[in-house]
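> Predicted model and sequence below, questions to follow.
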Amino acid sequence: MDKLTKHQDNEEEQQAIKLRLSRLQTMFHQAPFLLVLLKVLDYENYRIVLANQTAVYISSYPYLEGLLLSEMMTPAEYSQSKPLVQACIDSKASIFDQELEFAYEDTGATFWLSNSVIPILDQRGEVEYIVIVARDITEQKQQASEQTAQYQQLIDQQEEMLEALSTPLLAISDTVLVMPLIGTLDEVRVERMLATLLAGVAQQKPHYLVIDITGVDLIDDDVARALWRAAQAVRLLGVELLVSGVRPEVAQSLVSMQLDLARLSTFATLQAAIAATQRLAHAR
């Protein structure tokens with residue numbers, strides 16, 4: 001009776017073990033992430049012992065067990081994956097969430113995996129097996145890329161707004177445009193100023209354009225020459241340029257370049273320049 005009872009107990013225990021193994025196998029193969037068990041042959045080579053269905057699907061191979069890890073990847077993919085495995089062997093410790101980019105062999109479409117590697121040590125304390133757990137993070141990467149693109153677009157829009165504010169063109173009458181400049185005039189801003197004023201002149205067709213440089217920190221020879229270029233450009237469009245806010249040092253820069261100052265109307269204040277446009281308009 002005792003033997004029969006023990007036999008029944010052993011059968012029940014074996015059935016329970018089989019059931020647990022079956023459940024573990026089901027969980028292993030149906031896991032929504034990649035699971036691969038590698039046998040470490042040596043420091044350079046690793047054979048796939050187990051691979052779940054997700055790993056088989058991602059690899060586009062009909063089977064993976066028995067293959068070397070290098071055989072299921074392109075040389076480029078293996079070159080980025082191998083150091084991760086070797087780092088695990090060297091440290092004998094788990095490494096988590098290393099993002100790597102791969103490509104489907106049949107379509108060439110790229111995808112991203114977040115890879116974790118977990119060592120299994122033998123009795124000597126050496127790495128005998130390595131478990132690779134990888135999650136597909138392609139969608140998150142795409143979303144992050146889209147968010148970055150949107151953020152960059154917002155930055156570009158803000159920069160365009162700042163550019164427009166840095167070189168405003170104001171119509172104070174049907175015949176007079178004013179461009180007040182503030183801060184530092186570098187080469188980029190000077191070119192932006194020229195583009196803005198030429199576009200504004202072509203569109204609004206004023207008789208006079210006043211550039212006010214009262215708030216400009218420093219005007220060197222390059223900026224002074226740019227003002228002279230602006231005067232020549234707008235004159236070709238039939239518009240007269242007046243420059244207001246001209247301080248003594250600015251006038252000296254213009255003189256030092258031996259420009260024909262008689263063709264460039266300069267004024268100490270914006271009010272004086274606007275008043276001059278009114279006098280010129282009455283004299284037409």
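The structure has been received and is ready for your questions.
> Using PDB, write out the CA atom coordinates for stretch 210-227.
What follows is stretch 210-227, C-alpha atoms only, in PDB (Å, rounded to 0.1, in the frame of the first residue of the first chain):
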ATOM      1  CA  VAL A 210      14.700 105.700 -42.900                       C
ATOM      2  CA  ILE A 211      17.100 103.400 -41.100                       C
ATOM      3  CA  ASP A 212      17.500 104.500 -37.500                       C
ATOM      4  CA  ILE A 213      20.700 103.300 -35.800                       C
ATOM      5  CA  THR A 214      20.300 105.200 -32.500                       C
ATOM      6  CA  GLY A 215      20.100 101.900 -30.500                       C
ATOM      7  CA  VAL A 216      22.900 100.100 -32.300                       C
ATOM      8  CA  ASP A 217      25.800  99.300 -29.900                       C
ATOM      9  CA  LEU A 218      28.700  99.500 -32.400                       C
ATOM     10  CA  ILE A 219      29.000 100.300 -36.000                       C
ATOM     11  CA  ASP A 220      32.300  99.200 -37.600                       C
ATOM     12  CA  ASP A 221      33.500  99.600 -41.200                       C
ATOM     13  CA  ASP A 222      31.600  96.500 -42.300                       C
ATOM     14  CA  VAL A 223      28.300  97.900 -41.000                       C
ATOM     15  CA  ALA A 224      28.900 101.300 -42.400                       C
ATOM     16  CA  ARG A 225      29.600  99.800 -45.800                       C
ATOM     17  CA  ALA A 226      26.400  97.800 -45.500                       C
ATOM     18  CA  LEU A 227      24.500 101.000 -45.000                       C
END
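> helix or strand for the spatially most central residue of the chain, which one?
In the chain, the residue lying closest to the centroid (CA atoms, centre = their mean) is Thr148, at 5.6 Å. Element membership for Thr148, per DSSP states H and E: helix 138-166.
> do Arg135 as well
Element membership for Arg135, per DSSP H and E: strand 127-136.
> Not counting that strand itself, show me its contacts.
Residues external to strand 127-136 that are found in contact with it (CB atoms under 8 Å, 6 or more residues apart in numbering): 33-40, 46, 49, 58, 85, 88-89, 92, 111-122. C-betas here are computed from N, CA, C, even on glycine.
> Out of those, name the ones that lie in strands.
Of these, the ones assigned to strands by DSSP state E are 34-40, 46, 49, 111-121.
> ok, back up a step: what about the residue nearest to the centre of the chain, distance to Ala109?
Applying CB to CB, to the nearest Å, the value for Thr148 to Ala109 is 20 Å.
> How about Gly125?
42 Å.
> what's the answer for Leu198, then?
In terms of CB to CB, Leu198 sits 47 Å off from Ala109.
> So which of those two has more stuff around it?
Taking other CB atoms under 10 Å, Leu198 and Ala109 do not tie; Leu198 has more neighbours (17 against 9).
> could you flag which of the ones in strands among the contacts of strand 127-136 are buried?
Buried by 16 or more other CB atoms under 10 Å: 34-38, 40, 46, 111-117, 119, out of these.
> what's the closest of these to Trp228?
Taking CB to CB as the measure, Trp228 sits nearest to Trp112 out of those, at 55.7 Å.
> Thr138 is in contact with the closest one, correct?
Yes: the criterion here is CB atoms under 8 Å, and Trp112 meets it with Thr138 at 4.9 Å.
> pLDDT wise, what is Arg284 at?
According to the predicted model, the pLDDT of Arg284 comes to 65.
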